[in-house]
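J.: Any chance you can model this:
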Amino acid sequence: MARPVLSFIIPTLNEENVLPLHLAQYRNLHIPHEVIVADGGSLDKTRDIAQEHGALVYLNKGKQTIGSNRNIGAAHASANIYIFCDADTRFDGINNFAMEVVEAFKDPEVVEIGRAHV
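T.: Next up is the predicted model:
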């Protein structure tokens, strides 16, 4: 398997109701990628759902904040480009979005990209 170009990092806490729709989006993504779920100790089926969808799942055993969950995910990411998103994020054309991100990072001056609507 090719090294991922993109690491999608999703901090979670009890997201079983929204996570399946979010994770389903990656099935049609054509760029090598990995999906990392960094969980803050969910009491529902969040981690099981993530594993069923092929996500890499890491449990945050330390301080439970969204920031610390993001950091756990980043620590395990293997791509050079990280995309942090929430479990309820819906991409409007995930392949176009991913290509735009990859193209933007070809410029050595780019260190981050922010989008309110994806």
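J.: CA only for contacts and neighbour counts going forward, please
T.: OK.
J.: in the chain, which spans are helices?
T.: Assigned by DSSP state H, the chain shows helices spanning 19-24, 46-52, 66-76, 94-104.
J.: May I see the buried residues of the first one?
T.: Translated: helix 19-24. For helix 19-24, a neighbour-count test (16 or more other CA atoms under 10 Å) marks 19-20, 22-23 as buried.
J.: Closest one of these to Gly67?
T.: Checking those against Gly67 by CA to CA gives Leu19 as the nearest, at 18.6 Å.
J.: ok, the closest one touching Asp88?
T.: Yes - contact criterion CA atoms under 8 Å: Leu19 and Asp88 qualify, at 6.6 Å.
J.: circling back to that earlier point, could the buried residues of helix 19-24 go into a markdown table alongside distance to Pro32 and pLDDT?
T.: As requested, the buried residues of helix 19-24 are arranged in a markdown table below (distance: CA to CA, whole Å; pLDDT from 0 to 100):
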| residue | distance to Pro32 | pLDDT |
| --- | --- | --- |
| Leu19 | 21 | 98 |
| Pro20 | 20 | 98 |
| His22 | 18 | 97 |
| Leu23 | 15 | 98 |
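J.: Pull the contacting residues for the closest residue to Ile10 other than its chain neighbours.
T.: Once flanking residues are discounted, Ile10 sits nearest to Val37: 4.9 Å by CA to CA, 6 or more residues apart in numbering. Taking CA atoms under 8 Å, 6 or more residues apart in numbering, we find Val37 in contact with 9-12, 47, 50, 55-58, 73.
J.: Specify the beta-bridge partners of Val37.
T.: Val37 has these beta-bridge partners by DSSP bridges: Ile10, Val57.
J.: For it, give me the pLDDT.
T.: Note for Val37: predicted pLDDT of 98.
J.: roughly how far apart are it and Ile49?
T.: Taking CA to CA, to the nearest Å as the measure, Val37 and Ile49 are separated by 10 Å.
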